[in-house]
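*Asks:* next input, structure requested:
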Amino acid sequence: MKAYLFIVLLVACQTIPQDKDLYYLHTHSTKLSEPLIAGLHGVKDALFTELVKRPDDSKVLYNLAQVSFLLGEYKRSAMYCRKILRLDIDFDPAKVILAKIFLQQHKLELATILTDQLQNEELRTNLKAQIHIAAGNYAQAIQVLKEKATKYPDATTLHMNLGLLYLKFKQLKPAADAFQQVLQHNREHSGALLHLAAIHAQRGELVAAQTIYRQLMAKRTKDPQLLFNMLVLSKRQQDYQQAANLLAKHEQLLTRYEQEGLHDQGKQFMRMLRKQFNRTTTIASGNTPDSG
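*Replies:* Residues are numbered from 1 along each chain as shown. Take a look at the predicted model:
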């Protein structure tokens, strides 16, 4: 293992409001699919083999800390982080994981102590915002991010998080501005594009939303979140044939495990879409209840 594993779980914001919109700032457990869990266990087994050979290798330890955190094995993850910090007290990434573990346990004072020790200001700011969110202080989180995003216009994660918070509270204009700032530095940032398209859709700018979704589909043909957003848009445009095609693709991509975890509002929308599509195609074929 010559490099770190950087595993990022992004829970994309769908057009239908959800509680997990803040995928950069998310502080609660994310339900993993069975294939991903199996894959993470496979990575963990390989890392154990490496650790036997090099028990003091901080890279291997950090990768194990990441994987253990994603699997919800917080005690084990914290153990690896503390071992890393005994080897290198200034290793910020290990402090970040430890701070996030404390956030999971709602130990906000301990999370704050670690956050204040971070040398990287962008990391420190994002974690401070997370701590404010965990405490329910959303206004303070926005203020912290806004101040530093103004100071560091190139810090895309600060602008991304700021946009997500604005979007959570339906402040569409400042949210769109934040996502546009991200796109100034990375024109293909999929998260910023996806959320900007959702804003266009909420404003009734359906053509602009559709243009972005088609741009994303060129590279993300198997993204359930993107397909779901396109489903919502097709419904609003009353294009039930396209919605039905997207619905079929969406359901093929979701495992049973993921379907069970689908947000209640999402399930309700899917049922409504099937009902609407079935009614529309029945009328179009002439098979109405009165047609005999």
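*Asks:* so residue 58 sits right up against residue 84, yeah?
*Replies:* Yes: with contact defined as C-beta atoms under 8 Å, residue 58 counts as touching residue 84 (5.1 Å). Glycine gets a C-beta too; all of them are placed from N, C-alpha and C.
*Asks:* these two: who's more crowded?
*Replies:* A direct count of neighbours by other C-beta atoms under 10 Å for residue 58 and residue 84 places residue 84 higher, at 25 against 20.
*Asks:* any residues in contact with both of residue 58 and residue 84?
*Replies:* Common neighbours of residue 58 and residue 84, counting by C-beta atoms under 8 Å, 6 or more residues apart in numbering, are residue 91.
*Asks:* nearest spatial neighbour of residue 152, skipping sequence neighbours?
*Replies:* residue 158 (6.3 Å; C-beta to C-beta, 6 or more residues apart in numbering).
*Asks:* can you tell me the SS state at residue 49?
*Replies:* Assigned with DSSP: H, G, I helix; E, B strand; the rest coil, residue 49 falls in the helix class.
*Asks:* and the gap between residue 128 and residue 49?
*Replies:* Distance from residue 128 to residue 49, counting by C-beta to C-beta, to the nearest Å: 38 Å.
*Asks:* state the mean pLDDT of the host helix or strand of the residue nearest to residue 152.
*Replies:* Per DSSP states H and E, residue 158 falls inside helix 156-168. Helix 156-168 shows a mean pLDDT of 92.
*Asks:* how about residues contacting it?
*Replies:* By C-beta under 8 Å, 6+ apart, helix 156-168 touches 13, 21-25, 122, 125-126, 129, 138, 141-142, 145-146, 148-149, 152-153, 172, 174-179, 181-182, 185-186, 189, 191-192, 195, 198-199.
*Asks:* tell me how many other residues crowd residue 188.
*Replies:* Residue 188 has 10 nearby residues by other C-beta under 10 Å.
*Asks:* how much space separates it from residue 195?
*Replies:* Taking C-beta to C-beta, one finds residue 188 at 14 Å from residue 195.
*Asks:* now swap in residue 212 and tell me
*Replies:* 10 Å.
*Asks:* compare those two (neighbour count), which wins?
*Replies:* residue 195 (28 against 21).
*Asks:* wait, isn't that one in contact with residue 175?
*Replies:* Yes: using C-beta under 8 Å, residue 195 is in contact with residue 175, at 7.3 Å.
*Asks:* over to residue 90: give its phi and psi.
*Replies:* phi -100, psi 10 (degrees, to the nearest 10).
*Asks:* and it, what does it touch?
*Replies:* So residue 90 contacts residue 119 (C-beta under 8 Å, 6+ apart).
*Asks:* got it, and the one 10 residues further on?
*Replies:* Residues in contact with residue 100, defined by C-beta under 8 Å, 6+ apart, are 27, 69, 111, 127, 130.
*Asks:* nearest residue to the fourth one in space, please, no chain neighbours.
*Replies:* Translated: residue 127. residue 115 (4.4 Å).
*Asks:* can you say which helix or strand has that neighbour in it?
*Replies:* Using DSSP H and E, residue 115 falls in helix 108-117.
*Asks:* list the helices and strands that helix packs on?
*Replies:* Applying 3 or more C-beta pairs under 8 Å, 6 or more residues apart in numbering; DSSP states H and E, one finds that helix 108-117 contacts helix 92-104, helix 121-134.
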